[in-house]
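1. from the sequence below, what's the structure:
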Amino acid sequence: MGNKSIKAMLAGGIIVATSTILMAHGDVSPQPVDTAGLPETGEEWLTENPYRAETASQEVWLKAIEVGASGYNQNCARCHGLEVVSGGLAPDLRFLEAEEYGDEWFIERFRTGYTQGGITKMPAFGELLGQDAAWAIRTYVETRPDSDAMDEVSDELKTIRDELAGYGDDASGADPDAIKARLSEIAQGIETLSGAPVADSVAYRAANLIDGTPEAYKSASETLTIGLSATQ
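-> Predicted coordinates:
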C-alpha cells in the first residue's frame, strides 16, 4: 500500500468505529507499562523510533517488542485488534510505514489522542505512559508479520513443530544447525506490512531458541504452537 493511500486512511477519519466502542475506548483508563530494561529515551520526544532493528541492538529490539506487546494488549488491542489485526473498526496499524512519516503520525496521536464532536475516540497516552512505552508499542506494532506470508509457511512450520516436539526427550537424532538454518531461512522470507526490516514471526523466535538441548527444542515447539494458533 503506497504512502498516499496510507495517509488517506490515517489522516482524516483516523479512528473509525461504532460510537459504543469509541466511547468505551475513551472511557478506559490507560494501563501503565513496565519499561524496565529498555534504554531511556529522555524527556524530549523523538520523531523516529530508537528501538527499530536497523538502529538498536538485537537485545534492545527484542526487549522493546516484549514491552510493546504488553503495552499494546493492555491499551490498544480493544480497538485495533489482537496481534494488531484490525477487524475494520479502526485502522490496521500494521500498514503504518516504519519510517519517519509513520513515526511522526504515531507519536503525535499517542501523545495527544483524538477527539471528534466532543467525544474522546482515543485517549492521550503520552503523559501517562511516557515515551519509552510509546516507542516500545510502536516497535511491536511495526514488526507484526504479514499474515499472508505466514499462511504460506504455516504447514512447514507445523511439520517442524512436530519434529521439535519429538526431540523433547531424546535429541540424539536432531541436527540443531540444520533446524536453526531452516527456521532462519523461513523467517527471512516473512516480511512486515510496515516495511520494518525484520518481522517478529514465530519462525524468527523459534530459530533463536534452538541450541541443541531438549529444553530448547521443547520451547521452540511450544513457541510455534502458540504462534501458529494465534494466526488461525
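2. which residues sit in contact with the most centrally placed residue in the chain?
-> The residue lying closest to the centre of the chain (C-alpha atoms, centre = their mean) is Tyr140, at 3.0 Å. Residues near Tyr140 by C-beta atoms under 8 Å, 6 or more residues apart in numbering: Ala64, Ile65, Val67, Gly68, Ala69, Gly71, Tyr72, Val84, Asp200. Every residue, glycine included, has its C-beta placed from N, CA and C.
3. change it to 10 Å
-> 51, 64-73, 76, 83-84, 93, 200 (C-beta atoms under 10 Å, 6 or more residues apart in numbering).
4. for the nearest residue to Leu157 once chain neighbours are set aside, give me its contacts.
-> Distances taken as C-beta to C-beta, 6 or more residues apart in numbering place Leu224 nearest to Leu157, at 5.6 Å, with adjacent residues excluded. Leu224 is in contact with 154, 157-158, 160-162, 164-165, 183, 202-203, 205-206, 209, counting by C-beta under 10 Å, 6+ apart.
5. follow-up on the earlier one: show me which of the contacts of Tyr140 is closest to Arg144.
-> Closest approach to Arg144 among these (C-beta to C-beta): Val84, at 4.8 Å.
6. any idea how far the closest one lies from Gly117?
-> In this view, Val84 and Gly117 are 27 Å apart by C-beta to C-beta, to the nearest Å.
7. the two - which one has more neighbours?
-> Val84 (24 against 6; other C-beta atoms under 10 Å).
8. now the strands: where do they sit in this protein?
-> Assigned by DSSP state E, the strands in the chain fall at 114-116, 119-122.
9. how far away is Asp200 from Glu100?
-> For Asp200, the distance to Glu100 equals 21 Å [C-beta to C-beta].
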